[in-house]
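In: Dropping a prediction and its sequence here:
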Amino acid sequence: MLLVEHRNGLDGASRSLLALLDHLDRRAVDPQLACPARNPLLELAMARGLRVHPVDIPSRGPLHRSQELWEAGCRLERVIRHSGARIVHAHGAAAGFATLLALRRSRAVPLIWHAREVEQHLEARRAARRATVIVASYRAVATALRSEVGVELIADGVADEFFAPPVDARTRVRAELGVPADVPLVGVIARLEPSKGHDAVCDAIPRIASRHPACHFAFGGPPVGREAFEEFAADVRACARGDLASRLVFIPPRDDIPAVLAALDVLVHPAVGAESTARVVVEAKAVGRPTVASAVGVLPELVRDATDGFLVPPGDSAALTDRILRLLDDAALRAEFGRAARRDAHERFTAARQARAMEALYLRAVAPRAVAE
C-alpha cells in the first residue's frame, strides 16, 4: 500500500499520517510512503523501516492546470508501478490530483482520497468523485466535498505519547522556558499566519494580566524563517507594554510536543480562517488540557463547548478573553474540563482506533479486485 503526501513540512496533517503509520498492523498492511524530499516525514518513515519514495508534488495555484502537477503524476505513476502497490492512499487535494494522473492509464489500483481541506475547490470536489473511496476526518470536511458517493468518516488519531507525557514534563519544560512552576500559563501553538488568529490573543493579554498578574503567555508552532518569527514576536510584544513583555514566552520548534502541552494550563486556538485539522487541539485533549477555540471549521467537532473547553465566535477577542478568564479563575473547572477532554480523546482520537478503521477500509477497497482476479 502506497501513502502519498504532498506537504513539505511536518504539520498537523503529516503528524496524523505518521501516527497512522506507527499503528498499522504490518502483518496485514505493507505501507510505503511517497512525499516531497523536504518533508521530515520522509526520514521519520525511513527510521521506522518503511520504503520511501521522494516525489515533489505542487500544492499551490490552479492544480488541475499545473504542468508541475502533470510531471508529479508521471513520477508517481512510475513509483506505483515499481512499488507493486495494490492500493494508493492519497492525503489531501494535491496528492489526490497527482495520484489520479498517475492512475489515468490504469484503474486496476484503487485510490483512497483522504480529503483534508474544509474549503474544497470545485475541481477538487469533482476529482474526488473519481476515487474508489473518499475519507474525511471530520464532518466539516465531508460536507465541503458535497459528494454524492458518500464519505467514510475516520477521525485522525494521536500518538500514544500524548496520553502519557513524562511525569516531570510540566516542571521541566517550564524551567527551560523560564516560567515559574506555580503561575498560570496560557499557550497558542499554531502556524504563524493570519488565519490562526493570534491578534485576538494579543488583544486579550492586557485584560487577562490585569486579573492574573503572574500569568505567562506562550507562543509556538512549526518552523518558520527567522525574519518572519522575529517580526511576529515584535508584533506580540507591542501589545504587551511594560512588565507584560517579560511574561511572553516564544517556544522554538521542538519535538517534545506532549511535554510542551503538559506545561500549559489552557490551550487557545483562535483560528479565524477555515480550520481543517487543528491537530494540536486533539493532542491537548489527550494530555488532559482544556481548550478555548473559535467555532470555525472542524473545531466544533473537537471541542465540546462547556464540557472540555469553550467555543467562541471567530475574531471575538472579548468572548475569547472571557472564556480564558473563566478557566484561569477556577482551578476545579480546569481540572474537570481536562479530565473530560482526556476521556473524549481516549474514546474518539486514538491512533490505534484510526489504524483499525483504515485497515478495514483498505481490505474493502481491494476485495472486489481480488475477486475479479
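Out: Thanks, I have the structure now. Residues are numbered from 1 along each chain as shown.

In: And the contacts of stretch 329-337?
Out: Residues outside stretch 329-337 that contact it (C-beta atoms under 8 Å, 6 or more residues apart in numbering): 211, 265-266, 290, 307-309, 326-328. C-betas here are computed from N, CA, C, even on glycine.

In: after the lowest-mean-pLDDT helix or strand in the chain, next one along is what?
Out: Within the chain, no helix or strand scores below helix 226-238, which has a mean of 70 by mean pLDDT, DSSP states H and E. Once the chain leaves helix 226-238, the next helix or strand it forms, by DSSP states H and E, is strand 248-251.

In: any idea how far the helix or strand that that following strand is followed by is from the chain center?
Out: Counting by DSSP H and E, the next helix or strand C-terminal to strand 248-251 is helix 257-263. Distance of helix 257-263 from its chain centroid, counting by C-alpha atoms, centre = their mean, to the nearest Å, is 16 Å.

In: Pairing partners for the next helix or strand after helix 257-263, with directions?
Out: As assigned by DSSP H and E, the chain's next helix or strand after helix 257-263 is strand 266-269. Sheet partners assigned to strand 266-269 using DSSP bridges are listed as strand 185-189 (parallel), strand 291-294 (parallel).

In: what about strand 266-269, average pLDDT?
Out: Across strand 266-269, the average pLDDT comes to 98.

In: Convert it to CSV, retaining C-alpha atoms only.
Out: The C-alpha coordinates for strand 266-269 follow below in CSV (Å, rounded to 0.1, in the frame of the first residue of the first chain):
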residue,chain,number,x,y,z
VAL,A,266,-5.0,26.4,28.9
LEU,A,267,-4.5,26.0,25.2
VAL,A,268,-6.0,28.7,23.0
HIS,A,269,-6.8,28.1,19.3
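
In: Tell me who's in contact with residue 185.
Out: Counted by C-beta under 8 Å, 6+ apart, residue 185 has contacts 174, 179, 215-218, 249, 263-266.

In: Tabulate the residues you listed (a markdown table), appending distance to residue 104.
Out: Converted to a markdown table, the contacts of residue 185 look like this (distance: C-beta to C-beta, whole Å):
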| residue | distance to residue 104 |
| --- | --- |
| 174 | 54 |
| 179 | 54 |
| 215 | 56 |
| 216 | 54 |
| 217 | 51 |
| 218 | 48 |
| 249 | 50 |
| 263 | 49 |
| 264 | 47 |
| 265 | 52 |
| 266 | 49 |
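
In: Arrange these in a markdown table, one row each, with neighbour count and distance to residue 342 as further columns.
Out: Listed next are the contacts of residue 185 as a markdown table, based on neighbours: other C-beta atoms under 10 Å; distance: C-beta to C-beta, whole Å:
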| residue | neighbour count | distance to residue 342 |
| --- | --- | --- |
| 174 | 21 | 20 |
| 179 | 21 | 23 |
| 215 | 21 | 23 |
| 216 | 22 | 23 |
| 217 | 24 | 24 |
| 218 | 23 | 21 |
| 249 | 17 | 24 |
| 263 | 27 | 16 |
| 264 | 25 | 14 |
| 265 | 20 | 15 |
| 266 | 26 | 15 |
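
In: ok, these vs residue 118, which is closest?
Out: residue 266 (24.6 Å; C-beta to C-beta).

In: any idea how far that closest one is from residue 102?
Out: 45 Å (C-beta to C-beta, to the nearest Å).

In: Same question for residue 175.
Out: Shown here: residue 175 relative to residue 102, a distance of 50 Å by C-beta to C-beta.

In: neighbour-wise, which of those two wins?
Out: Ranked by neighbour count (other C-beta atoms under 10 Å), residue 175 and residue 102 place residue 102 first, with 27 against 13.

In: so what's that one up against?
Out: Residues in contact with residue 102 (C-beta under 8 Å, 6+ apart) are 73-74, 76-77, 79-80, 88.
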